[in-house]
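Colleague: what follows is a predicted structure for the sequence shown.
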Amino acid sequence: MLDIFVRSIFIDNMIFAYFLGMCSYLAVSKNVKTAFGLGVAVCFVLAITLPINYLIDKYLLQAGALQWLSSQLADIDLSFLSLIVFIAVIAAIVQLLEMVIERFSSKLYYALGIFLPLIAVNCAILGGSLFMQEKNFPTVGHSLVYALGSGIGWLLAIVAFAAIRERIRYSNIPKPLQGNGIAYITTGLMGLGFMAFLGI
């Protein structure tokens, strides 16, 4: 399980290996505090939704998964519903998270703004569930470890990028590269840096 955890943080990083979740990554990374809050929210959503989606996939959606209910249902394959079901689970958990953050940290709630409900359509969250399905983990524990690693990897990426953007703000950047231009270049360079972890 340790190799799944380390690999999902550094090698199969959602941002730098697959470029998933880039919209919120670029928009919310203007300061470290807000980026950290969103990163923790993404970790939380991944840690809850991946094990739930694993159990739903294993015991309801896969071919022959309904055999535990009745031997007559052994031939049923509901895997075509996986995308819809995964999205529904993610949306429900994000709605719950939004209510919790609004209740206990209104400052973070207003700092994240529209990007908090957008976690529901953050492709890193759905990507985690689809990759979990593709990797065919043997237990729910493996999916939880993968979720935590993927969330920490996303958190690490956005916080590091926010810290760099805070420093870049005081740098003398050529006018055509200011704003998103330097952000894309920095992300690309960070992705190249993370590729060094392929040797692990």
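Modeller: Done, it's in.
Colleague: for the closest residue to Val94 other than its chain neighbours, give its distance to Asp12.
Modeller: Nearest residue to Val94 in three dimensions, chain neighbours excluded: Ala120, at 4.0 Å (C-beta to C-beta, 6 or more residues apart in numbering). For the C-beta atoms, the positions are set from N, CA and C on the backbone; glycine is no exception. Ala120 sits 22 Å away from Asp12, going by C-beta to C-beta, to the nearest Å.
Colleague: quick one: least confident helix or strand in this structure?
Modeller: Every helix and strand of the chain was ranked by mean pLDDT, DSSP states H and E. The lowest is helix 106-112, at a mean of 80.
Colleague: for it, what is the distance to the chain centroid?
Modeller: 20 Å (C-alpha atoms, centre = their mean, to the nearest Å).
Colleague: now it - C-alpha only, PDB.
Modeller: Extracted as PDB, the C-alpha positions of helix 106-112 are listed here (Å, rounded to 0.1, in the frame of the first residue of the first chain):
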ATOM      1  CA  SER A 106     -17.200  31.400   6.700                       C
ATOM      2  CA  LYS A 107     -14.000  33.200   5.900                       C
ATOM      3  CA  LEU A 108     -12.700  30.200   3.900                       C
ATOM      4  CA  TYR A 109     -16.100  29.800   2.400                       C
ATOM      5  CA  TYR A 110     -16.100  33.300   0.900                       C
ATOM      6  CA  ALA A 111     -12.400  33.100  -0.100                       C
ATOM      7  CA  LEU A 112     -13.100  29.900  -2.100                       C
END
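Colleague: circling back: show the pLDDT at the residue nearest to Val94.
Modeller: On pLDDT, Ala120 comes in at 73.
Colleague: tell me how many other residues surround it.
Modeller: Counted with other C-beta atoms under 10 Å, the neighbours of Ala120 add up to 18.
Colleague: let's verify it: helix, strand, or coil?
Modeller: Put simply, Ala120 is helix when judged by DSSP: H, G, I helix; E, B strand; the rest coil.
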